[in-house]
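Enquirer: Just the structure for this:
(one chain, ligands or ions: 2)
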Amino acid sequence: VSPVSTAITGIGSLLTNDPSLAAATGAAGRDPLGLIPGPAAVVIDGDRIAWIGPSSKAPPTDNRLDAAGRALLPGFVDSHSHLLFAGDRSAEFAARMSGRPYTAGGIRTTVEATRAAGDTELAATLARHLGEALRQGTTTQETKSGYGLTVHDEARALAVAARHTDEVTYLGAHVVPPEFAGDPAGYVALVTGAMLDACAPHARWVDVFCERGAFDGDQARAVLTAGAARGLTPRVHANQLGHGPGVQLAVELGAASADHCTHLDDADVDALASAAGTTVATLLPGAEFSTRARYPDARRLLDAGATVALSTDCNPGSSFTTSMPFCVALAVREMGMTPDEAVHAATYGGARALRRDDIGRIAVGARADLLLLDAPSHVHLAYRPGVPLAAAVWRGGVLRH
Ligand code: NIG
Ligand code: FE
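Expert: Ligands and ions are numbered 1, 2, ... in the order given. The predicted structure follows:
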């Protein structure tokens, strides 16, 4: 069976994240967004992008869809979420909104609920949130364990995740569970030993919550190097609740990303800037929104030359949103990013954080992961906050929404 081809024609504004492509079509060549003015067309063949050019020159295809002047961009790449959980913490959120501070202690509430949930419930919850994200334009979703915290519960969560996404992260080092409260070293030994053995086959990445109240720099280093020795690439929850060693550790170990980056000193910013080709600064404004914390300073990171990604951090405690458009809007309104920078970070930046070249851009040969907006430009994602603008979403060339 030959793959089905589809031409999306009449695109009013085509955001490719490929500057060379924009230059070749006569549009401005240095803009990282690689914007091609309309009317433009993109041809999908099977799961890949096969052709890009002016609408009038689109080759014949099996199907044709008229974008009618609307904007097309790569699907969002959400490179940081925690979707393997059970239970609800809305009461904790409500308490925070009336002045209670956020602490990582709430994680234990979700651990209890997750341990009590069967695989079917975990899988159903994951699928529900993946569907939610997809309907808002997310075509790649990274997700982590971290609410099981036993060998059995971490491994089964990752096995469930691996059935839905290639981007699976082992976060056995989320917090020290209650049964190890008097023996954190014993828990680190488990995370780097039997738990890693059980989890490594299901995961691509290893992560650690490096924070006061979770794991210190030495413990985090032990977790990440043990994971790396088993073929998992490090990423780090770094500098979320206060300043700490997480960012420096991420850069030193060549981690794919340092995530949160809310509390940075000059040395952290310099380190992320000089590691721009290796370690992405992943900003998670949903967490600051839902914990009433101050937002990370994206402007400072971008001006220094760091590579920035935007993600949801979706989890039941600190950021219960699957919405990349919401995060784009927050980044623009609260973090000093331009709409162009925020959309770039939510697509291309996420792909960099996952070390993927086949997603996060619209180029011949790339995966056909596409988002058609009910709007003439990507700027509307921030300009029209809270409005469902995803008119159509293709993942791997298949129209999914
Ligand atoms: O990324 N910071 C650590 N983990 C999550 C929050 C988890 C929770 O509160 O359940 C985060 O924000
Ligand atoms: Fe997180």
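
Enquirer: pretty sure Thr282 contacts Asp78?
Expert: No: under the criterion of Cβ atoms under 8 Å, Thr282 makes no contact with Asp78, lying 10.1 Å away. (Glycine included, C-beta is placed from N, CA and C.)

Enquirer: Any chance you could list residues touching both of the two?
Expert: Applying Cβ atoms under 8 Å, 6 or more residues apart in numbering, one finds that Thr282 and Asp78 are jointly contacted by Ser311, Gly350.

Enquirer: Show the contacting residues for the closest residue to Ser5 other than its chain neighbours.
Expert: By the measure of Cβ to Cβ, 6 or more residues apart in numbering, the closest residue to Ser5 outside its immediate chain neighbours is Thr61, 4.0 Å from it. For Thr61, the contacting residues are Ser5, Thr6, Ala7, Val43, by Cβ under 8 Å, 6+ apart.

Enquirer: Between those residues, which sits nearest ligand 1?
Expert: Comparing these against ligand 1 with Cβ to the nearest ligand atom places Thr6 closest, at 37.5 Å.

Enquirer: That closest one belongs to a strand?
Expert: Yes: counting by DSSP: H, G, I helix; E, B strand; the rest coil, Thr6 is found in a strand.

Enquirer: Run through the residues that contact it.
Expert: Contacts of Thr6 (Cβ under 8 Å, 6+ apart): Val43, Ile44, Thr61, Asp62, Asn63, Arg64, Leu65, Gly397.

Enquirer: Mind doing that once more with 10 Å?
Expert: Residues in contact with Thr6 (Cβ atoms under 10 Å, 6 or more residues apart in numbering) are 42-45, 50, 61-65, 368, 394, 397-399.

Enquirer: now, which of those residues lie within strands?
Expert: Members of the contacts of Thr6 lying in strands (criterion: DSSP state E): Val42, Val43, Ile44, Asp45, Ala50, Asn63, Arg64, Leu65, Trp394, Val398, Leu399.

Enquirer: roughly how far apart are the fourth one and Leu72?
Expert: Distance from Asp45 to Leu72, counting by Cβ to Cβ, to the nearest Å: 16 Å.

Enquirer: what's the helix or strand for His152?
Expert: Assessed by DSSP states H and E, His152 sits inside helix 151-162.

Enquirer: same deal with Arg212?
Expert: Per DSSP H and E: Arg212 is located in neither a helix nor a strand.

Enquirer: check contacts around the residue lying closest to it once chain neighbours are set aside.
Expert: Closest residue in space to Arg212, ignoring its immediate chain neighbours: Gly242 at 6.0 Å, by Cβ to Cβ, 6+ apart. For Gly242, the contact set (Cβ under 10 Å, 6+ apart) comprises Glu211, Arg212, Gly213, Thr262, His263.

Enquirer: just checking, the second one touches Ala104?
Expert: Think Arg212. Yes: between Arg212 and Ala104 a contact is recorded at 9.0 Å, counting by Cβ atoms under 10 Å.

Enquirer: Cool, thanks, signing off.
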